[in-house]
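Colleague: what follows is a predicted protein model with its sequence.
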Amino acid sequence: MFDTLSDRLNDVFDRLRRRGALGEDDVTAALREIRVALLEADVALPVVRDFVAAVREKALGQEVLRSVTPGQMVVKIVHDHLVEVLGGAAPSGRAVDGIGGLDLNAAAPVAVMLVGLQGSGKTTTAAKIALRLKNRERKKVLMASLDVQRPAAQEQLAQLGRQIGVATLPVVAGERPVAITLRALQTGRSEGYDVVLLDTAGRLHVNEELMLEVAAVREAANPHQTLLVVDAMTGQDAVNVAKAFGERAGVTGIVLTRVDGDARGGAALSMRAVTGKPIVLIGTGEKVDALEAFHPERVAGRILGMGDVVSLVEKAAETSDQEEAEKLAAKMQKGEFDLDDLAGQLRQIRRMGGMTGMLGMLPGVGKIKKQLAGANIDETIIKRQEAIIASMTKSERRNPKLLNGSRRRRIATGSGTTVPEINRLLKQYQDMAGMMKKMKKLGQKGLMRHGLSALMPSGFR
């Protein structure tokens, strides 16, 4: 979502870093370009004015202009103010209940109401939140659709509930939103649910009828959290929607959907400043598990090309199979590594969003984005390699030396690939297996003494 803004800002910062010293004119010129970049990203004009003024005041200080690395100091000032605009850094050591910044610290069942315009992705977001609460927080969740306006809306939520294994409130024909709300809360209390998610109806635009219905449901439910679901693709208008709901619906937090699209990022940068409400979650894709907590400091790092290694590590922890990882670690210590182990590693890469998704979180990758695009990274290669391994027999996976020419042709036919692709996969496996044997031979002390270079082929040392 922030690619264009990130490119523009990093161009400005690269020019600043190349200068040995900075004068007031240099800072003014850079801030002018930053202002244009923010406006082009659809950031609200008042937010841009305040942002530039705050950065100017700090950047023109004597301690910056006379520092050894003034360009780097300006980058840090912009980063810190970006974090502040996006919601502020979390205090160190603060324990956050629930998911992201979503506070669920209340007596069960905790009522969470979702509001927003039609088409913003409320129903899918309800399922995403329910799945995240179920898997990460071990919460017992009940979803209830209050949308009696849109045909099949209640059935859509029921289907999503069955897909993710989360209960939904049975539909009673002709029941109105307030009555559904009261029944959902009563069911939550009587059947021991931890959280009740209330998916309200939307409209094509903000109107009095919608606001009256939301107010009535809010009065009946007294929700602990009211989340406004906003489509990031709507740009500047998303901020106006947030203001309208914030004033009438008692919004406590914002969920931005479709941030994986080509939105320019202005809504995210403007939302907190204009509404005073934090962005707590972001939808990063169509799948029901594509939901992330919103961390201002991490997003600011991504925008400025500093990467997001913390999120990468967290994603690795979330998607890894603990038992599978322990088995692989034990085999590595013995210097053993077969094609089943390689298949497990390929699955892990795919769960983490593929090579492109992983690379996007590494520091400095933004600078080689064009080269990566030109390299045409083929994300389907992982699936093809998995298919190749799946087409092998158990004995072939455990002992690749059995794979003669006729067997390779059979596997190519069975997996829909080619013999050269199988040869490349086996070469990749042999390199990894060789590394495992070296690890066993060196042992822990040897690795510490010689470093990772001892594992590399001789041509790369």
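Modeller: Good, I have the coordinates.

Colleague: excluding its backbone neighbours, what's nearest residue 78?
Modeller: residue 55 (5.8 Å; C-beta to C-beta, 6 or more residues apart in numbering). (C-beta placed from N, C-alpha, C; glycine too.)

Colleague: actually residue 164, not the one I typed
Modeller: residue 131 (4.5 Å).

Colleague: and if you look at residue 273?
Modeller: Nearest non-adjacent residue to residue 273, counting by C-beta to C-beta, 6+ apart: residue 47, 4.5 Å away.

Colleague: same for the strand or helix carrying that neighbour, what does it pack against?
Modeller: For residue 47, the element it lies in under DSSP states H and E is helix 45-59. Contacts defined by 3 or more C-beta pairs under 8 Å, 6 or more residues apart in numbering; DSSP states H and E place helix 45-59 against helix 24-40, helix 70-86, helix 266-275.

Colleague: now that helix: average pLDDT?
Modeller: Mean pLDDT, helix 45-59: 84.

Colleague: follow-up on the earlier one: you'd agree the residue nearest to residue 78 is up against residue 34?
Modeller: Yes: using C-beta atoms under 8 Å, residue 55 is in contact with residue 34, at 7.3 Å.

Colleague: now for those two: what residues contact both?
Modeller: Taking C-beta atoms under 8 Å, 6 or more residues apart in numbering as the criterion, residue 55 and residue 34 both touch residue 78.

Colleague: state the distance from the closest residue to residue 395 other than its chain neighbours to residue 343.
Modeller: Once flanking residues are discounted, residue 395 sits nearest to residue 402: 6.4 Å by C-beta to C-beta, 6+ apart. Computed as C-beta to C-beta, to the nearest Å, the residue 402 to residue 343 distance reads 17 Å.

Colleague: hang on, residue 114 packs against residue 200?
Modeller: Yes: taking C-beta under 8 Å as the definition, residue 114 is a contact partner of residue 200 at 6.2 Å.

Colleague: between the two, which contacts overlap?
Modeller: Residues touching both residue 114 and residue 200 (C-beta under 8 Å, 6+ apart): residue 122.

Colleague: ranges for the strands of the stretch 151-300 of the chain?
Modeller: Applying DSSP state E, counting those that start in this stretch to the stretch 151-300 of the chain gives strands spanning 167-168, 195-199, 225-231, 253-257, 279-283, 291-293.

Colleague: relative to strand 225-231, how tilted is the second one?
Modeller: Inter-element angle recorded for strand 195-199 and strand 225-231: 40 degrees (by axes from the mean of the first three to the mean of the last three C-alpha atoms, to 10 degrees).

Colleague: before we move on, back to that, ok now the helix holding residue 47, how far from the chain's centre?
Modeller: Chain-centre distance of helix 45-59: 28 Å, with C-alpha atoms, centre = their mean, to the nearest Å.

Colleague: who touches that helix?
Modeller: With contact meaning C-beta under 8 Å, 6+ apart, helix 45-59 is reached by 27-28, 31, 34-35, 38-39, 43, 64, 73-74, 77-78, 81, 85, 269-270, 273-274.

Colleague: show me which of those residues are buried.
Modeller: Neighbour-count burial (16 or more other C-beta atoms under 10 Å) applied to the contacts of helix 45-59 gives 27, 31, 34-35, 38, 43, 64, 73-74, 77-78, 81, 85, 269-270, 273-274.

Colleague: relative to residue 10, how far out is the spatially most central residue of the chain?
Modeller: Centroid-nearest residue in the chain: residue 292, 4.2 Å away (criterion: C-alpha atoms, centre = their mean). In this structure, residue 292 and residue 10 are 23 Å apart, going by C-beta to C-beta.

Colleague: got the contact list for residue 283?
Modeller: Contacts of residue 283 (C-beta under 8 Å, 6+ apart): 121, 124-125, 128, 255-260, 290-291.

Colleague: give me the secondary structure label for residue 138.
Modeller: coil (DSSP: H, G, I helix; E, B strand; the rest coil).

Colleague: next, count neighbours for it.
Modeller: Counted with other C-beta atoms under 10 Å, the neighbours of residue 138 add up to 8.

Colleague: re earlier: isn't the residue nearest to the centre of the chain up against residue 284?
Modeller: Yes: in this structure, residue 292 is within contact of residue 284 by C-beta under 8 Å, at 5.5 Å.

Colleague: circling back: for the residue nearest to residue 395, what are phi and psi?
Modeller: phi -70, psi -10 (degrees, to the nearest 10).

Colleague: list the contacts of residue 33.
Modeller: Contact analysis of residue 33 by C-beta under 8 Å, 6+ apart lists 8, 11-12.

Colleague: what pLDDT does residue 319 get?
Modeller: Looking at residue 319, its pLDDT stands at 51.

Colleague: how is this protein partitioned into domains?
Modeller: Domain ranges of the chain: 3-86, 110-306, 321-435, per automatic domain parsing.

Colleague: redo the ones you listed as CSV? Include distance to residue 102.
Modeller: Formatted as CSV, those follow (distance: least, C-beta to C-beta, whole Å):
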stretch, distance to residue 102
domain 3-86, 16
domain 110-306, 5
domain 321-435, 22
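
Colleague: of those, flag the one that's most buried.
Modeller: domain 110-306 (a mean of 20; mean count of other C-beta atoms under 10 Å).

Colleague: can I get the contacts of residue 33 in a markdown table including secondary structure?
Modeller: Shown next, in a markdown table, are the contacts of residue 33 (three-state DSSP):
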| residue | secondary structure |
| --- | --- |
| 8 | helix |
| 11 | helix |
| 12 | helix |
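
Colleague: give me the contacts around stretch 155-167.
Modeller: Counting by C-beta under 8 Å, 6+ apart, 123-124, 126-127, 130-131, 134, 141-145, 168, 171, 193, 199, 288 sit against stretch 155-167.

Colleague: again, 6 Å this time
Modeller: Applying C-beta atoms under 6 Å, 6 or more residues apart in numbering, the contact partners of stretch 155-167 are 123, 127, 130-131, 134, 141-143, 145, 168, 199, 288.

Colleague: turn those into JSON lines, columns for secondary structure, distance to residue 337 and pLDDT.
Modeller: Shown next, in JSON lines, are the contacts of stretch 155-167 (DSSP: H, G, I helix; E, B strand; the rest coil; distance: C-beta to C-beta, whole Å; pLDDT from 0 to 100):
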{"residue": "123", "secondary structure": "helix", "distance to residue 337": "45", "pLDDT": "93"}
{"residue": "127", "secondary structure": "helix", "distance to residue 337": "39", "pLDDT": "95"}
{"residue": "130", "secondary structure": "helix", "distance to residue 337": "39", "pLDDT": "94"}
{"residue": "131", "secondary structure": "helix", "distance to residue 337": "34", "pLDDT": "94"}
{"residue": "134", "secondary structure": "helix", "distance to residue 337": "35", "pLDDT": "92"}
{"residue": "141", "secondary structure": "strand", "distance to residue 337": "40", "pLDDT": "95"}
{"residue": "142", "secondary structure": "strand", "distance to residue 337": "45", "pLDDT": "96"}
{"residue": "143", "secondary structure": "strand", "distance to residue 337": "44", "pLDDT": "96"}
{"residue": "145", "secondary structure": "strand", "distance to residue 337": "49", "pLDDT": "94"}
{"residue": "168", "secondary structure": "strand", "distance to residue 337": "45", "pLDDT": "95"}
{"residue": "199", "secondary structure": "strand", "distance to residue 337": "47", "pLDDT": "93"}
{"residue": "288", "secondary structure": "coil", "distance to residue 337": "34", "pLDDT": "89"}
